[in-house]
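Novice: here is my input; please provide its structure:
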Amino acid sequence: MRRICDQLLGKDHLARAVDVNGKQIVAYVSRKPYKVSTATAKAKGLQEIARRSRVALFAGVLDDLQLRPRGSTVWLIAIPGVTAPQLADIVGVGVSSEEGVNSPDAIRHIIELYPDGPMARMVKSGLLTIEQLADPQPDGQRQQMRNLFRGIHKRAPFEIIYADRKGCLVCFLDKVSARAAKWIERQVNEVNPEADDVTEFGSVSRDISRKGELRLWWD
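Specialist: Okay, the predicted model is just below:
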């Protein structure tokens, strides 16, 4: 795995453990943040190597790793043995909001790690308490996104090229039929009615048919 990560991320990379739904996963993260456009192109170019090595490679932010984009930059991340739907669970679009993840203890831990972060500032200023920040209720929108990605992947397998809390870009592994593209468009519009606004060719289905890509923004 080390050799593969050297190929994908360069020899100077970090290894971090992340717990997803009770499963311990090791993610390898480049130390160098890239411009979004550069990282996207690099990820696309290396996908075949990653696929042969059974590695999910994408450019984005793993919230569980506490990595944050700086301005318009992101990190390249390689995760062995993780499928695209599982990856969608890890990144901002599907980060688990089940009981315990947003618990008061978890919020306290984040504040300890980032004493100057936004959560810490809100608590210190008296704007919100730790209990108010800790919302144990499932986030319906995130669950919708997870279900959306799982459904699309089952109909038309894809790889996540870029993903974070603001949006994502996925590339389909095979040519998507016009009928399947229309079906995906309907599913997407049910969850995100403004999805057509960020397309290159005027609609989700046309972008899928012409570019083999699906881009979503939800921030």
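
Novice: contacts and neighbour counts: CA atoms only from here.
Specialist: Fine.

Novice: helix, strand or coil for Ile25?
Specialist: Recorded secondary structure, Ile25: strand (DSSP: H, G, I helix; E, B strand; the rest coil).

Novice: how near is it to Ile4?
Specialist: Per Cα to Cα, to the nearest Å, Ile25 is found 16 Å from Ile4.

Novice: got a pLDDT number for the residue lying farthest from the centre of the chain?
Specialist: Each residue of the chain has a distance to the centre, and by Cα atoms, centre = their mean the biggest one is for Gly126: 31.5 Å. Gly126 carries a pLDDT value of 78.

Novice: ok, now how distant is it from Leu62?
Specialist: 29 Å.

Novice: cool, Ile111 as well?
Specialist: 18 Å.

Novice: out of these two, which sits in the busier spot?
Specialist: Using other Cα atoms under 10 Å as the criterion, Ile111 and Leu62 rank with Leu62 on top: 22 against 18.

Novice: is it true that the more buried one touches Asp89?
Specialist: No: taking contacts as Cα atoms under 8 Å, Leu62 lies outside contact range of Asp89: 10.1 Å.

Novice: pull up the overlap in contacts between the two.
Specialist: Here Leu62 and Asp89 share no contacting residue, scored by Cα atoms under 8 Å, 6 or more residues apart in numbering.

Novice: pretty sure Ala78 belongs to a strand, no?
Specialist: Yes: counting by three-state DSSP, Ala78 is part of a strand.

Novice: please give the element, helix or strand, for the spatially closest residue to it that is not a sequence neighbour.
Specialist: Leaving aside its chain neighbours, Ala78 sits nearest to Leu57 (4.4 Å; criterion: Cα to Cα, 6 or more residues apart in numbering). Counting by DSSP states H and E, the element that carries Leu57 is strand 55-60.

Novice: could you do Tyr162 as well?
Specialist: Under the criterion of DSSP H and E, Tyr162 resides in strand 158-163.

Novice: mind listing the helices for the protein?
Specialist: Counting by DSSP state H, the chain has helices at residues 2-9, 36-52, 84-90, 104-113, 118-125, 130-133, 140-155, 178-191, 204-211.

Novice: what's the domain layout of this protein?
Specialist: Segmentation of the chain into domains, based on automatic domain parsing, reads 2-95+139-217, 104-133.

Novice: single out the most deeply packed of these.
Specialist: domain 2-95+139-217 (a mean of 18; mean count of other Cα atoms under 10 Å).

Novice: and the gap between Ile160 and Arg51?
Specialist: In this structure, Ile160 and Arg51 are 12 Å apart, going by Cα to Cα.

Novice: typo on my end, Phe158
Specialist: For Phe158, the distance to Arg51 - Cα to Cα - is 11 Å.

Novice: what stretches of the chain score poorly on pLDDT?
Specialist: 19-23, 63-71, 91-103, 134-142, 165-166, 218-219 (pLDDT under 70).
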